[in-house]
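1. Any chance you can model this:
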Amino acid sequence: MAQEMFRPPVNRAMKVLDKSFFQKKVPISAARILDNKNISRCRTELQKSKDILQLDRMSSVLSDPEPSEAQKGRRCILLRPELRDTGDRLPWSPKVSELVKDQVISVIPFELHLDYDYWNYHEIASAILPSAEDDEIPSGFTSVGHVAHLNLRDKYLAYKDIIGQLILDKNPTVRTVINKVDDVGEENEYRTFRYEVLAGPDDMDVEIREADCTFRFNYAKVYWNSRLNTEHERQVAAFQEGEAVCDVMAGIGPFAVPAGKKRVFVWANDLNPDSYTSLEDAVHRNKVGDFVKPFNTNGHSFIRTATAALLRDNHSATIYKKQSRTEAKLSKPEVLKTLTQPRVFGHYVMNLPASAIEFLPSFIGLYTEEDRKLLPADFKLPMVHVYCFSTKSDDNVQEGIKICEEISKQLDYRITPQTPETVIYDVRDVAPHKRMFCASFRLPEEVAFR
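-> Numbers count the residues shown, from 1 in each chain. Just a heads-up that it's a prediction; the model follows:
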């Protein structure tokens, strides 16, 4: 009952958000502090005795409700709701009685005013939306810079404007709320989506931070998934300083730019011109131009052209000791070391889960007879990391077998989950019966030199 006292009023018929409806006056009691020097002591003692009112997002110490007393600087401490039994007030706790007897406090009536600004999103949404279970309230959204991205179910579309405004009001960092309107399968080749603005301006130019890197892009024109940050970190962690990586579907650079900060040489490509523009900006903004080289071409051909071009490319990056501004004025920076770009890629990353496996035939005969003459003596065949979708099960055994069968079909070479250095990594759930995987394997010699 005590919890009910502080919940917002309910209005299931509301179709347009009426903030003024959410008003509530709750009659409670308060401990008037007769001398402000006792505020800290009283608060501590009343907390220990559990007589203090504990409400989220509200201080238990407020100005005295009497204007004349408040003008004198008088403060009071909110007390927990009064207990009643058959209409008769029960005695206060021993601690309250003790403080009253010692003339430290006096117990006064207090009318607590709660309004729209006090209650959070979930509390107000639960008072409006037609949901029997709290966990059905659509409260989850993806944050991309200042944009909150929703995928509302059909049952809540009639309330989309209310939901959008609630999210905007209750999340200070959000300025624009959108809802995805594409049906499954409608995404274009650039993996962008159609959307509708539910609240705020139609401003999709965002800035985000990930892996100590800054990215600026138009969320409506490029692909970005904030839920993949852990996967970006995992993959980049596999790259070693001084290695060369071919990022075939690089997007705006969530693999490439952090890898560049790690002093990994990355040739990063994306077919989407807007992604390429944002990738160029990220390379410049994060000062990784010595290590990350952007491209804007077809991924099928890029696998082969980049491989051949790297064999013939001469590039190195000099690493200098960091200097303060004062040191920089007085002397040239000390050279710590020089990294020479390898002639071959150690890794190929293909993050286009809907179709990346179909790019694998480009690895057949990757090194021509002419290319093979340029391969270094210590040449080691590269690791290929291809992202894909599959079904989901508790152990992923069947999924791993199916993924390897599809890889084998594309390469015309048999690879199984037991093939050395082959790993089928479970990335994340995408839908109730759909999961994203990353299949990593070392390119077989029989495929690379066919």
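2. how about the helices of the stretch 151-300 of the chain, start to end?
-> Along the stretch 151-300 of the chain, counting by DSSP state H, counting those that start in this stretch, helices occupy 160-170, 229-237, 256-261, 273-285, 299-311.
3. looking at those helices, which is buried most?
-> Mean neighbours per residue, mean count of other Cβ atoms under 10 Å, is largest over the helices of the stretch 151-300 of the chain for helix 256-261, with a mean of 27. Bear in mind the C-beta positions are built from the backbone N, C-alpha and C, glycine included.
4. What lies in contact with that helix?
-> Here helix 256-261 makes contact (Cβ atoms under 8 Å, 6 or more residues apart in numbering) with 210-213, 215, 232-233, 236, 239, 245, 247, 250, 266, 268, 279, 282-283, 286, 288, 290-292.
5. give me that answer again for 7 Å
-> Helix 256-261 is contacted from outside by 211-213, 232, 236, 239, 245, 247, 250, 266, 268, 282-283, 286, 288, 291-292, using Cβ atoms under 7 Å, 6 or more residues apart in numbering.
6. What would that helix look like as PDB? C-alpha coordinates only.
-> Presented in PDB, the C-alpha positions along helix 256-261 are these (Å, rounded to 0.1, in the frame of the first residue of the first chain):
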ATOM      1  CA  ALA A 256      39.700  -0.200 -38.500                       C
ATOM      2  CA  VAL A 257      40.100   3.000 -36.500                       C
ATOM      3  CA  PRO A 258      40.700   1.400 -33.000                       C
ATOM      4  CA  ALA A 259      43.100  -1.100 -34.700                       C
ATOM      5  CA  GLY A 260      44.900   1.900 -36.200                       C
ATOM      6  CA  LYS A 261      45.300   3.400 -32.700                       C
END
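7. ok so residue 362 is a helix residue?
-> Yes - Residue 362 forms part of a helix when assessed by DSSP: H, G, I helix; E, B strand; the rest coil.
8. What is the neighbour count of it?
-> Other residues lying near residue 362 total 21 when counted by other Cβ atoms under 10 Å.
9. That one reaches residue 303, doesn't it?
-> Yes - here residue 362 reaches residue 303: they are 4.1 Å apart, a contact under Cβ atoms under 7 Å.
10. related to what we said a few turns ago, nearest to residue 16, out of the helices of the stretch 151-300 of the chain?
-> Evaluated over these, closeness to residue 16 peaks at helix 160-170, with 7.2 Å, by Cβ to Cβ.
11. got a list of contacts for the closest one?
-> 17, 120-121, 124-125, 128, 138, 141, 148, 152, 156, 174, 177, 179, 198-200.
12. Next, find the distance separating residue 393 from residue 432.
-> 12 Å (Cβ to Cβ, to the nearest Å).
13. neighbour count winner among those two?
-> Counted by other Cβ under 10 Å, residue 393 and residue 432 do not tie: residue 393 has more neighbours, with 12 against 7.
14. Give me the nearest residue to that one, chain neighbours excluded.
-> residue 399 (6.4 Å; Cβ to Cβ, 6 or more residues apart in numbering).
15. Which residues are in contact with residue 180?
-> Contacts of residue 180 (Cβ under 7 Å, 6+ apart): 149, 151, 193, 195.
16. Select only the buried ones of those in PyMOL?
-> Those of the contacts of residue 180 that count as buried under 16 or more other Cβ atoms under 10 Å are selected in PyMOL with:
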select buried, resi 149+193+195
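17. Run a quick neighbour tally on residue 318.
-> Neighbour tally, residue 318, other Cβ under 10 Å: 11.
18. Dump the strand or helix carrying it to CSV, restricted to CA.
-> Element membership for residue 318 (DSSP states H and E) is strand 316-320. C-alpha atoms of strand 316-320 as CSV (Å, rounded to 0.1, in the frame of the first residue of the first chain):
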residue,chain,number,x,y,z
SER,A,316,56.2,2.7,-43.0
ALA,A,317,55.1,4.6,-39.9
THR,A,318,57.5,6.3,-37.5
ILE,A,319,56.6,6.2,-33.8
TYR,A,320,57.7,9.3,-31.8
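19. Which neighbouring elements make contact with it?
-> When contacts are defined as 3 or more Cβ pairs under 7 Å, 6 or more residues apart in numbering; DSSP states H and E, strand 316-320 packs onto strand 335-340.
20. Tell me which other helices or strands the following helix or strand past the strand it packs on touches.
-> Using DSSP H and E, the helix or strand that directly follows strand 335-340 along the chain is strand 347-350. With contacts defined as 3+ Cβ pairs under 7 Å, 6+ apart, the packing partners of strand 347-350 are strand 244-247, strand 383-390.
21. Dump these to a markdown table, plus mean pLDDT, distance to residue 69 and mean neighbour count.
-> Output for the helices and strands packed on strand 347-350, formatted as a markdown table (pLDDT from 0 to 100; distance: least, Cβ to Cβ, whole Å; neighbours: other Cβ atoms under 10 Å):
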| stretch | mean pLDDT | distance to residue 69 | mean neighbour count |
| --- | --- | --- | --- |
| strand 244-247 | 98 | 67 | 28 |
| strand 383-390 | 96 | 66 | 23 |
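22. quick one on the thing from earlier: how would you label the residue nearest to residue 393: helix, strand or coil?
-> Following three-state DSSP, residue 399 is assigned to helix.
23. now do residue 29
-> Residue 29 ends up strand, using three-state DSSP.
24. With adjacent residues omitted, what lies nearest to it?
-> residue 79 (4.8 Å).
25. tally of neighbours for that neighbour?
-> 22.
26. cool, and residue 61?
-> Counted with other Cβ under 10 Å, residue 61 comes out at 16.
27. hang on, it packs against residue 79?
-> No - using Cβ under 7 Å, residue 61 is not in contact with residue 79; the gap is 11.7 Å.
28. Please parse the chain into its domains.
-> The chain breaks down by automatic domain parsing into domains covering 23-115, 121-203, 212-448.
29. Fine, thanks again, bye for now.
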